[in-house]
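**Student:** got a sequence here, can you model it:
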Amino acid sequence: MPLEPSPIVARRGLKVSWRRYRRFAEETLPSVCYYICMCFTWYGARNVRARVAVLVAVLSCAALLLLWMVTPLYAAGYEWDGGSDVTGWSTAAKSIYFAEGTTRNGFEEYLLLRNPGPAASSVNIKYLFGSHAPQFQRVVLAAGAGTSINVNSLVGPGKDVSISVAASPGVIAERQIYFNYKGVWTGGHATCGVRAPSDTWYFAEGTTRGGFQEWLCLQNPTGGDVGATITYMLGTGENKRERVVIGANARKTIDVNSSVGPDQDVSIQVKSAAPIVAERPMYFDYKGEWRGGHTCAGAPRLASTWYFAEGTTRSGFEEWLCIMNPGEQAVAKVEYMFADVGADPVVREYRLGARSRTTVSVNDAVGPERDVSMKVTCGANVLCERPMYFCYNGELEGGHDVLGSTGGAKTWSFPASCAGPGFKSWLCLMNAGDAANAVKVEVFGDGGGHHRGDLQMAAGSRATIDLNAASESMTNPWVKVTGTEQLIAERPVYFSYEPKVESRPFAFATWGGVELMSPIRFRDNIGAVFHEASALNGEGRPDNVQVLQPLGTCLRDDNPGQLYPGISSSLGGETMYFIEDSRGRGTYSTTACDVSAKAGTTAYAPVTGTVIAAEPYMLYGKYPDLRVRIAIDGFPGYHVAMLHMSGLLVTAGQQVQAGKTPIGIVRDLVPYFNSGPNPYTREEGNHVHVQINYRPDTSQGSSGAAETP
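**Tutor:** Okay, the predicted model is just below:
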């Protein structure tokens, strides 16, 4: 995320866009002004007819302007909402490592650096890939200065990348990733990285339950190959092991779902022959309600005490505590501390099975509507993580996860406040000690901006600071917390992020050896839903609809009985997709696809060919709609039909290229026949309908007859 987030509306619907006003000013306003001037010229005749003409013209212009303002002609791009959480830095670091990172389609990665010290810092950055040679970068940060590096722009698209940072004197850092995971689940996650490689790493959280995809990213910063053994400790008490080799100066990614199988709660231990770095990203559709992702860097060692400053059981939040116990049976004591003045901590004890992981519902432990910090103590050395899932303010879906702190500090720093339009940032502080703590919170901005707030924290309590308010009007703000006693600091953020990196075309299906490119760019893709096409068109003629082979991961097949025998639902691909329940049309379940997007999104040609029709027609014989038919190069008589557009960008006879030529604008179908969210994407039902027909009789276009998609 840039240090200055761009203006974003925290809502998953259409938003007011400055592009609309700019387009109006450039294209429509001059015409309106021209006609008003003409009317005033006529008004110079000073007769009744001229006055009436002026009045009618002005009222008409006002009506047109009002209609234009309320009609969703142009929609802003699809925004990715979610949340992230990080623990602060207690001291600057001379080396920092990040195992995870990717610039694949649908991912936007940023590296944030800050020099909190009084002298300039020279920073050398190394980017490690799976099979490419490392890439290097050097930056110099003045005292107090920070920078935000767009990793996509620096290393290029389509790469999995790890990062190592070497600084003198030390800096603090954070790596943020925003995503549209496989075109279905949007969100973001962040981590502050680790200070050094290690030959042992632990992860307490992890699951392969339905709706979860877990990955393990391993970074080898050494000049030789390194072997590692991964031990998966399941919630059942069973352990599984896997042996891997990480190449020199490279990174490796393990699909945990494939390694342990479905429906497992899993903690992980990684042991390697030489020091490496480990991180565990997860992507999810939590309980079929909240979509997103989170990540966590591994812990190089276990401890008997763990602290968490953030936590809440407010409406729309579900908080969990995951405890990994790689040893014999033990008992963990959890002290829940609250922000309520005078509220005593709640203490609970939990039995931990040997060599397994235990999951605690914080909501059940403390009840609803509580802001809560946690201190975990155990007679044995264990590992603790705190995942949270949420729908923030009923608008922003997601989740975040953080590794606990093993001790407090008197000073904590964050390289950015991550506050601004579309971002809601908080600072959570925990005073786990037995004495009161006088705490100073400072926010610094470029150009000398400074805000200071002071608070007195009682023993065994927590406090929450609104960083949006504290950093208001500042440029590139960052945060420093100082206490008279030790404390713990975390910074949770909730956001609606506007994608900034241009997506590359990608295939969503194949037919006859032809890759069909998605009509919707990855950044705006809400989900592809395959379904049965109508066997006949609106004129009662056979459409000879063709069976499409979906590409990607099938999230849900509600019509397995109509899957064409030669079609597979397990092929690889960049996206995830759905197969809709039967419509009773007698055709196969993948003969058409609705590629979902917001109204106003640009649609592109799925194939290379010639436009044979760009025309209006009557949808279901009663709704006005626009469609495009494209004859497929090399396949006489076959064409792609694209429906549901509010405006066309091509004309008959025009040559188009797959994935590159804009075809039209996605229309708003909701007022016509979509009464609510799509049951698969859970978004507005707007989409581009795509199917392939064998219709030699349409080679010269058609007359705009009815159509049944």
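
**Student:** can you pull the domain assignment for this protein?
**Tutor:** When the chain is parsed with automatic domain parsing, its domains come out as 18-70, 80-497, 507-707.

**Student:** least confident of the ones you listed, on average?
**Tutor:** Across the domains of the chain, domain 18-70 has the smallest mean pLDDT, namely a mean of 41.

**Student:** now the helices: where do they sit in the stretch 51-200 of the chain?
**Tutor:** 151-155 (DSSP state H, counting those that start in this stretch).

**Student:** for the closest residue to Pro636 other than its chain neighbours, grab phi and psi.
**Tutor:** Of all residues not flanking Pro636 in the chain, Pro696 sits nearest, at 7.4 Å (C-beta to C-beta, 6 or more residues apart in numbering). Any C-beta I mention is one placed from the backbone N, CA and C, and that applies to glycine too. Taking degrees, to the nearest 10, you get phi -60, psi -20 for the backbone angles of Pro696.

**Student:** and the strands in the stretch 351-500 of the chain?
**Tutor:** Using DSSP state E, counting those that start in this stretch, the strands of the stretch 351-500 of the chain run over 356-361, 372-392, 396-403, 409-414, 423-431, 437-444, 450-457, 461-466, 478-497.

**Student:** which one of those has the most crowded surroundings?
**Tutor:** Across those, the average number of neighbours (mean count of other C-beta atoms under 10 Å) peaks for strand 396-403, which reaches a mean of 26.

**Student:** quick one, it and strand 478-497 angle?
**Tutor:** Here strand 396-403 points in a direction 140 degrees away from that of strand 478-497 (axes from the mean of the first three to the mean of the last three C-alpha atoms, to 10 degrees).

**Student:** tell me what strand 396-403 is packed against?
**Tutor:** Where contact means 3 or more C-beta pairs under 8 Å, 6 or more residues apart in numbering; DSSP states H and E, strand 396-403 is packed against strand 80-87, strand 185-191, strand 266-286, strand 290-297, strand 372-392, strand 478-497.

**Student:** list the contacts for the residue positioned nearest the centre of the chain?
**Tutor:** Centroid-nearest residue in the chain, with C-alpha atoms, centre = their mean: Gly187, separated by 2.5 Å. Gly187 is in contact with 80-83, 178-179, 181, 283, 291-294, 397-399, counting by C-beta atoms under 8 Å, 6 or more residues apart in numbering.

**Student:** if you set the cut-off to 6 Å instead, what comes out?
**Tutor:** Contact analysis of Gly187 by C-beta atoms under 6 Å, 6 or more residues apart in numbering lists Gly82, Gly292, Gly293, Gly398.

**Student:** what sits closest to Asp344 if chain neighbours are left out?
**Tutor:** Gly460 (8.0 Å).

**Student:** same question, Cys554
**Tutor:** Ser569 (4.1 Å).

**Student:** count of neighbours near that neighbour?
**Tutor:** 17 (other C-beta atoms under 10 Å).

**Student:** part of a strand, is it?
**Tutor:** No: if the criterion is DSSP: H, G, I helix; E, B strand; the rest coil, then Ser569 is coil and not within a strand.

**Student:** you'd agree it is up against Thr553?
**Tutor:** No: if you go by C-beta atoms under 6 Å, Ser569 and Thr553 don't touch, sitting 8.9 Å apart.

**Student:** what is in contact with the two at once?
**Tutor:** Common neighbours of Ser569 and Thr553, counting by C-beta under 6 Å, 6+ apart, are absent.

**Student:** contacts only, for Trp511.
**Tutor:** Neighbours of Trp511 in contact, by C-beta under 6 Å, 6+ apart: Gln546, Leu548, Ile692.

**Student:** again, 7 Å this time
**Tutor:** Trp511 makes contacts with Gln546, Leu548, Gln549, Ile692, as judged by C-beta atoms under 7 Å, 6 or more residues apart in numbering.

**Student:** if I look at the last one, how far off is Ile630?
**Tutor:** For Ile692, the distance to Ile630 (C-beta to C-beta, to the nearest Å) stands at 10 Å.
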